[in-house]
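**Q** Give me a 3D structure for the following:
(3 chains, ligands or ions: 3)
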Amino acid sequence: MRVELRIDGEAAVAEIDRPGESLLSTLRDRLGLTGTKNACEQGECGSCTVLLDGDPVCSCLVATAQCEGREVKTVVGAVPRPVRDAFIACGAVQCGFCTPGLLVSVADLLEREPDPRDAQIREALAGNLCRCTGYEKIIDAVHAAAEAMSSEAISDGVPRVPARSHLHHNQWINVSNIPRAAGDSTEDTP
Amino acid sequence: MPEPVAGEPNGTTAAAPEPTARTKTAPTKTAPTKTPTPPTRAAGGVGTPLQERSGGVGSSPTRPDAAAKANGAFDYASDLEFPGMLWGHTLRSPHPRARLVSIDTAAALAMPGVAAVLTAADVPGKRYYGLIEADQPVLAIDEVNYQGEPVAIVAAETLDLARRAAEAVTVEYEELETHWDPEEAVEAGNVFRYQPVRLGDPDAQVPAAVVAREYVVGMQDQAPLGPESGVAVPSGDGGVSLYVATQWVHSDLEQIAPCLSLEPDRIHMAIAGIGGAFGAREDLSVQVHMAMLALATARPVKMMYDRAESFVGHVHRHPARMRYEHAADADGKLLYVKARIVLDGGAYASTTEAVVGNAASLAVGPYEVEHVSVDAWGARTNNPPCGAMRGFGGVQTCFAYESQMDALAEMLGLHPLEFRRRNAVAQGSKLITGQIVDAYDPERAGGPSNPGRPFSPLADMLGRFKDIPVPAVPAARDIVELPGGTGNTTHGEGVRRGVGYGVGLKNVCYSEGFDDYSTARVRLELVDGETVAFVHTAAAEVGQGHWSLQAQIARTELGVDRVELLPNDTKVGSAGSSSASRQSYMTGGAVKAACEAVRELWQGRDLADGPIEATQVFRHRVTKPMDPVTGQGESHVQLALCVHRATVDVDVELGLVKVVDLTCVQDVGKIMNPVALEGQIHGGSAQGLGLAVMEEMITEQGRVRNASFTDYLIPTILDMPPMRLRIVENADPEAPYGLRGAGEPPTLSSTPAIVAAIRDATGLALTHIPVRPEHLTAHLGRQP
Amino acid sequence: MTAPQATASFYRPADLGEALRDLAAHPEAVPVAGGTDLMVAVNYRHTRPAAMLDLTRIAELRAWSDEGAAIRIGSGVTYARICAELATVLPGLAAAARTVGSPQIRNRGTLGGNLATASPAGDGHPPLLATGATIEIASAAGRRTVPIADFFTGPKRSVLEPGELITAVIVPKALGPQQFLKVGTRNAMVIAVCSLAVALDLDARRLGTGIGSAGPTPLTAPDADRIELPWARPDLFNDALAEEFGRRVAAAARPIDDVRGTAAYRRHALAVCAARALRRVWTAAHGTEAGR
Ligand SMILES: Cc1cc2nc3c(=O)[nH]c(=O)nc-3n(C[C@H](O)[C@H](O)[C@H](O)COP(=O)(O)OP(=O)(O)OC[C@H]3O[C@@H](n4cnc5c(N)ncnc54)[C@H](O)[C@@H]3O)c2cc1C
Ligand code: FES
Ligand code: FES
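**A** Residues are numbered from 1 along each chain as shown, chains lettered A, B, ... in the order given. Ligands and ions are numbered 1, 2, ... in the order given. From the prediction side, this is the model:
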């Protein structure tokens, strides 16, 4: 069956073959949008967090067919630039598997609460497990992002990195002819 | 801040095309006008102040993988997709032990879209594999020995179909008696290894104080967020390429090739993006299975475990039962330690042998004691196989000996820090294996001499806590800051604060005579007028920041700005595993050595005449096996220390715990990258916290009861306290830059510190981890 | 699979009438609201619905209304909204809602889904039991209401029949302080080891209790509710009373041992929670002096 929705600001169409297919599977396995991660499919880890009509939800628990006509924003389209920069600058990214989901949750938090206290940050991010960082640098990053956003009074919520990166797998693992996006290169400012 | 433009690297990139190919153009830096010359200063060794280099050793440059990870573009193994790709899935045994009576694959094969269903009979070559001993069947043969053992594999057009097809395979089992009690296995001699340590004569001592207790450590899971995953791509000529999330690609290859009956050079392996590891990717998971399916179907096959499968699809931390007897004299000096340590290795060998070695050799921790009797076993049972997890054999005993140290201190009326200080190893002390502690000699390093007493890094570290106050109890707190959190169980009722300490001693690199080495290839090349270092190793970036470290070393050693990191694959020699806190030491050492060799070749040569390349293999000093009877031997390369102080609030009536502060003093030899180092300490401490208060794979007679994130709980952001770190740099003269491995020690010491703090708050003995609410309340006898 | 056939397997009714007709015509269709229970089961292949019926587009299920003495909460109202919008009128339910899963779960999970799943560990249930809420159920054949105390019939079983939808929950407005306490082995994102709701009705001078995760179904504790409280002389309230209440609540529980906790611990914890809850509501009702 055909489901039409908007993903990161663009119209998208998914052909699904069972009513229980999750939005997460559709994004990753049908549409090749692997920025949203799958770490449990139980709603427990938050790696798959996306904004559904503006609210952070676990995409593994949303049936794709429920999204007809709805607006989905992933890490690619939901995260203001200062939030990503703060995560990178503060060392909040280790293995990074939790990062896309966390960024979406943080973007939502800062939208609602531009200068959150630690206790608010912790309650807001309790649904995003991270196994690597012990969360310390994630909290630093949220504060840093809050500061950057208020000082810049950023109005531009759309990240400028290409929504679907046009790099290729061989960036990472040296195979060719792979049709989808892959590793990005990065600035290296100490 | 400039935009990172795809395809236009500015500084380090995490990967690059092969240097011979047309390289990317237009770096944003202006090209130097003349050909660069090699740096003239000496390489940074111990005592040599490193030349400040932006992005070099000692700084925290932006990780080369951070931006891609933060915009969703980074490719983890589970993100890979190849044209024409099939999905694989594994059928696993529901029983801990059973005879395989029959397997009927016909119904599964008949499903449209199913491309292959394979069983043990289809394994092309050797039917067993293993990291140390090849005892684990690729697919079960005649018998299954643990719940979750792979029985058959399926490839189909979609993951959903592959899973359904696996369910359509009919397997008839005859259940057999399950051996799930490790003590019984030890009785029966059913062990992977027995290692004693004997020193002096414990029985001849006359102690002033004795503490004898039994300790239990539950089975912990690494629970990396990235699932086991990879893709196997047939090369068309009978060979195969594997892209997989693994900690040690060369060891994988060694195990895979015989199973596939292929020469190793017919298999190309590359490490795909890794979503955390912590030991869970040391053993093979999807590798042989997806390669078999790819070879059988002549199509790329992807496998990815779901969380339930992941919990049974990798090894765990060994659960342990340990009986310890510690004795001290009236002056508060340890007299003797006796320990009986039973680790449950589960059904297959994995790395139990090495884990037992660590448990035995580190059984008393960093304390001087002259009379020791340690017996350590790794039992074989029908429980899930256990192997590597961060801390590797050091975690279990650390909980026990630190608990014992506290109990003895209390009995002697000494502060826990003072009792530890009196017994701390110092420069020149011997461990119980006879290994001389070559910790750090301030005099040799040109520091202040310390006449009379040899320098004890541990005593020094213990002393640092007096300057860091225990946090005060705040006047008003949100419920999320109290035990039970938003559960609203306490507004302060029943809450008591406790403080406790823990010390961990961990060996770094491989021990017991293992030929441990790493390889690095470094090539210096002019790219559009800029000097670029290409670094090629097979070391796994599991999240720890190793890519950054390699680039930092290349910058420091070669004076370049731009470093390109080539794919981590089998086209270069082995780097060993990203485990044992060894990769900074070993692959860091190899990259440094290769850079030095390049620098040498560079003298008197013009880069414009062509690239300069060098490959170096780096080895640490030779270690010795432990004596099988006495355990004696210089079995370890390097030792690293970490001390934690935990402050907890315990709701003593409900048994709920909130860790409110963790303060950590760790000796890292040399800070290579401050931000990455702090991240390792934070994350390692968090895993120790998990083991202290919540993480346990619960098995009942071999059956796992909680293979999900719903019931296997790992710490959330509301469980982790703020942390304060004090980092000590007692350089190791033998290690590159003087560094000490830093990833594991915090995982050892945070657990006993937290449990000690809970004891302080409750007055209970607490000999079982994780500490569960019922352990804290059973004595209250309130049950009607 | 061709498109028309496939479309037929997922229904997106725009209003309740259409939903009930769809359900009557396609009894195999499984309703889905937030999906936070159903989709876990689907993802792990415990169930494989041939057809699903989406409740998230039905406006009347997603609204709550003030009915005077009670709030009528549409079955599709999420926990996030209960926390944000109903905390003053239904403090017990809002406190429970705050403990459910994580923000992501609370943004999707609904009270109707919680009831239909009927897990003994459902956090929505104890406050509904403590306040004597009523469940409104509809089918193509008509509507009926069921008192919450009669709703649960066993572990994950309720009086809900095939073809029926929960349309709303009618919860009496708080007439006094309410408390919800949930015990879990982690400080967030945890299924209750046990939970307890207490509601004090100052008008009727009545106490209501609901117990979660300590029996085959969520439970009430009638014997505990009947405890003699010093309404006329609130300052006579003392710890002994609170503890007696705790004992009675614990006695009402029928817990088992499982991976989340032991039966003995659950009883113990309920006793402690109940004593604390009663002290808190009494203190809140009668000033800070009482209750010590
Ligand atoms: C990570 C995680 C954490 C959780 N934590 C908690 C927790 O702390 N406490 C807690 O109580 N629960 C928890 N849950 C469970 C779940 O979130 C709740 O039970 C939630 O209320 C379910 O609502 P839903 O709308 O998502 O239900 P759905 O999953 O959409 O539906 C659940 C069931 O109810 C049926 N159904 C739904 N709505 C109706 C209706 N109106 N009429 C008839 N049938 C209907 C469906 O057919 C399905 O069988 C958690 C779940 C997850 C994944
Ligand atoms: S994958 Fe959705 S919450 Fe873990
Ligand atoms: S960075 Fe690895 S899980 Fe968070």
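**Q** So which residues on the stretch 101-250 of chain B come close to chain C?
**A** The stretch 101-250 of chain B has residues B:163-164, B:167 near chain C, with proximity defined as Cβ under 8 Å from any Cβ of the partner chain. C-beta here means a position set from N, CA and C on the backbone, and glycine is covered the same way.
**Q** pLDDT below threshold where in chain A?
**A** For chain A, the stretches with pLDDT under 70 are A:152-190.
**Q** ok, whatever residue of it ends up closest to chain C to residue B:721 distance?
**A** Minimum separation of chain A from chain C (Cβ to the nearest Cβ) falls at residue A:127, amounting to 2.3 Å. From residue A:127 across to residue B:721, the span is 19 Å (Cβ to Cβ, to the nearest Å).
**Q** neighbour-wise, which of those two wins?
**A** Neighbour count, other Cβ atoms under 10 Å in any protein chain shown: between residue A:127 and residue B:721, residue A:127 has more, with 28 against 25.
**Q** The host helix or strand of residue C:181 close to chain A?
**A** Using DSSP states H and E, residue C:181 falls within strand C:178-183. No: contact of strand C:178-183 with chain A (Cβ under 8 Å from any Cβ) is absent, the minimum separation being 13.8 Å.
**Q** helices or strands up against the helix or strand following that strand?
**A** Using DSSP H and E, the next helix or strand after strand C:178-183 towards the C-terminus is strand C:194-201. Using 3 or more Cβ pairs under 8 Å, 6 or more residues apart in numbering or on different chains; DSSP states H and E as the contact test, the elements touching strand C:194-201 are helix C:91-99, helix C:125-131, strand C:178-183, strand C:206-212, helix C:263-286.
**Q** mind redoing it with 6 Å?
**A** For strand C:194-201, the packing partners by 3 or more Cβ pairs under 6 Å, 6 or more residues apart in numbering or on different chains; DSSP states H and E come out as helix C:125-131, strand C:178-183, strand C:206-212, helix C:263-286.
**Q** With distance to residue A:89 and mean neighbour count as new columns, can these be given to me in JSON lines?
**A** Below are those laid out as JSON lines (distance: least, Cβ to Cβ, whole Å; neighbours: other Cβ atoms under 10 Å in any protein chain shown):
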{"stretch": "helix C:125-131", "distance to residue A:89": "44", "mean neighbour count": "29"}
{"stretch": "strand C:178-183", "distance to residue A:89": "37", "mean neighbour count": "28"}
{"stretch": "strand C:206-212", "distance to residue A:89": "44", "mean neighbour count": "26"}
{"stretch": "helix C:263-286", "distance to residue A:89": "44", "mean neighbour count": "25"}
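**Q** Output these in CSV; the columns should cover distance to ligand 3 and mean pLDDT.
**A** Shown next, in CSV, are these (distance: least, Cβ to the nearest ligand atom, whole Å; pLDDT from 0 to 100):
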stretch, distance to ligand 3, mean pLDDT
helix C:125-131, 34, 98
strand C:178-183, 27, 98
strand C:206-212, 31, 98
helix C:263-286, 31, 97
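**Q** Of those, which is nearest residue B:414?
**A** In terms of Cβ to Cβ, the element of the helices and strands packed on strand C:194-201 nearest to residue B:414 is helix C:263-286, at 34.6 Å.
**Q** if we can go back for a sec, narrow the residues of the stretch 101-250 of chain B next to chain C to those in helices?
**A** In this view, these that belong to helices under DSSP state H are B:163-164, B:167.
**Q** Can I have the buried ones of the residues you listed as a PyMOL selection?
**A** Here is the PyMOL selection string for the buried members of those, based on 16 or more other Cβ atoms under 10 Å in any protein chain shown:
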select buried, chain B and resi 163+164
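**Q** Closest one of the ones in helices among the residues of the stretch 101-250 of chain B next to chain C to residue B:337?
**A** Using Cβ to Cβ, the shortest approach to residue B:337 within these belongs to residue B:163, at 50.9 Å.
**Q** show me what contacts the closest one?
**A** residue B:89 (Cβ atoms under 6 Å, 6 or more residues apart in numbering or on different chains).
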